[in-house]
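Undergrad: A structural model of the following input is requested.
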Amino acid sequence: MTRPAPTTPLPAQILDLLAAHYGEPRSAQAEQLRDAVAQLVGLAARQRAMRELIAHDDAVWDRLKVAPMQRKGR
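TA: Model prediction:
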C-alpha cells in the first residue's frame, strides 16, 4: 500500500517540524535554516537516485551474467 503524497513540500514540512520542536528561528537564522534544509533535501534526493541507479546497474549485470549460461544450455 502506498502513502498519499503530502500536499506540503518536504522542505516546508521539515521547517515546520523544527519550528514546532525548537520554536521559530530568528530572522537571520531563518534564511540559513531554509538554505540548510534545501541542501539536505537535495542531497537526500541525489543519494536516493544514486542508490536506484546502483540497484538498476546490479540487476543489469546479473542478467548479463545469466545470459551466457542460458545459451550454453541450448
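Undergrad: Going by neighbour count, list what's buried in stretch 36-53.
TA: Buried residues in stretch 36-53, counting neighbours by 16 or more other CB atoms under 10 Å, are found at Val37. For every residue, glycine as well, the C-beta is placed using N, CA and C.
Undergrad: What lies in contact with that stretch?
TA: Applying CB atoms under 8 Å, 6 or more residues apart in numbering, the external contacts of stretch 36-53 come out as 10-11, 14-15, 18.
Undergrad: and it, average pLDDT?
TA: Stretch 36-53 comes out with an average pLDDT of 94.
Undergrad: How far off centre is it?
TA: With CA atoms, centre = their mean, to the nearest Å as the basis, stretch 36-53 stands 5 Å off its chain's centre.
Undergrad: With just CA atoms, put that stretch into PDB.
TA: Presented in PDB, the C-alpha positions along stretch 36-53 are these (Å, rounded to 0.1, in the frame of the first residue of the first chain):
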ATOM      1  CA  ALA A  36      20.500  24.200   5.000                       C
ATOM      2  CA  VAL A  37      17.200  22.300   4.700                       C
ATOM      3  CA  ALA A  38      17.100  22.800   1.000                       C
ATOM      4  CA  GLN A  39      20.700  21.400   0.700                       C
ATOM      5  CA  LEU A  40      19.800  18.500   2.900                       C
ATOM      6  CA  VAL A  41      16.700  17.600   0.800                       C
ATOM      7  CA  GLY A  42      18.700  18.000  -2.400                       C
ATOM      8  CA  LEU A  43      21.500  15.700  -1.100                       C
ATOM      9  CA  ALA A  44      18.900  13.100   0.100                       C
ATOM     10  CA  ALA A  45      17.300  13.100  -3.400                       C
ATOM     11  CA  ARG A  46      20.700  12.700  -5.100                       C
ATOM     12  CA  GLN A  47      21.600   9.800  -2.800                       C
ATOM     13  CA  ARG A  48      18.300   8.100  -3.400                       C
ATOM     14  CA  ALA A  49      18.800   8.500  -7.200                       C
ATOM     15  CA  MET A  50      22.300   7.000  -6.900                       C
ATOM     16  CA  ARG A  51      21.000   4.000  -4.900                       C
ATOM     17  CA  GLU A  52      18.300   3.400  -7.500                       C
ATOM     18  CA  LEU A  53      20.900   3.600 -10.300                       C
END
